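In: Structure for the following, please:
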Amino acid sequence: DRIEATLHVEGRDFWLDKIVTKGYEPTPAPVAGAAKPEPTAAPGAVTPVPNKGVHVGDAIPDFTLTDQAGKTVRLSDFRGDVVAVSFLYTQCPIATACPMTTAKFSKIDAELAKKGWGHLLIVTVDPERDTVKVLADYAKRAGADAKRWRFLTGTPAAVADVASNFGVIYYPEGNQVIHGQAVAVIDKNGRLSSIYYGERWEAPHIVRDLEKARNG
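Out: Numbers count the residues shown, from 1 in each chain. Model prediction:
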């Protein structure tokens, strides 16, 4: 069904109303023998390797990236504490994607500030445009405390390798980056404790999983 609706946005809240169906549009039948088009990346772009994601319970390979303050960050720096990791890019135009991830992480950050433990890492999927300065501006708008919440970038190859380990695929298309959504919880020993794909997760789920990973 094709629909039309009015989108309302107030701060971090958004909703649709005046939803009207505008008729049914059948999916075109596939042409026999026609190959499905493959996503095309920009010349020279580095994209993650599919089907390489680490399984729950396994160790996440260590990585080295750069945060919004220009400091080197290694995953192994956080051994002994729990970490939540997600992926986005600062120019994402889709309200339910990257901006919503940032809003949810802001809620998680507020809870961790009260508890006095835990770390948050967000890795850009657009490292060529999301420079340290761009991430610093974005982190400031998000109210991120760099002691606990880091936004990470690096070389396209390094970022793609990290995304591969979490089962996240992305590729540039026009001015956007098409990417899978995921948020992972890593335990005190650097093992993948839980991971959610898509949009259907909330801040309390991640706080709960961080507490479980910390106490487990």
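
In: Name the residues of stretch 152-160 that come out as buried.
Out: Residues Leu152, Thr153, Gly154, Pro156, Ala158, Val159, Ala160 are the ones in stretch 152-160 that count as buried (16 or more other CB atoms under 10 Å). Just so you know, the C-beta spots here come from the backbone N, C-alpha and C atoms, and that holds for glycine as well.

In: ok, the residues you listed vs Ile108, which is closest?
Out: Leu152 (16.4 Å; CB to CB).

In: Wait, a helix at that closest one?
Out: No - assigned with DSSP: H, G, I helix; E, B strand; the rest coil, Leu152 falls outside any helix and is strand.

In: Report the central residue of the chain.
Out: Centroid-nearest residue in the chain: Phe87, 2.1 Å away (criterion: CA atoms, centre = their mean).

In: Quick check: phi and psi on it?
Out: Dihedral pair for Phe87: phi -140, psi 140, per degrees, to the nearest 10.

In: May I see the buried residues of stretch 152-160 arranged in a markdown table, with distance to Glu4 as well?
Out: Below are the buried residues of stretch 152-160 laid out as a markdown table (distance: CB to CB, whole Å):
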| residue | distance to Glu4 |
| --- | --- |
| Leu152 | 39 |
| Thr153 | 38 |
| Gly154 | 42 |
| Pro156 | 39 |
| Ala158 | 43 |
| Val159 | 38 |
| Ala160 | 38 |
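
In: Check what pLDDT Asp126 gets.
Out: For Asp126, the model assigns a pLDDT of 97.
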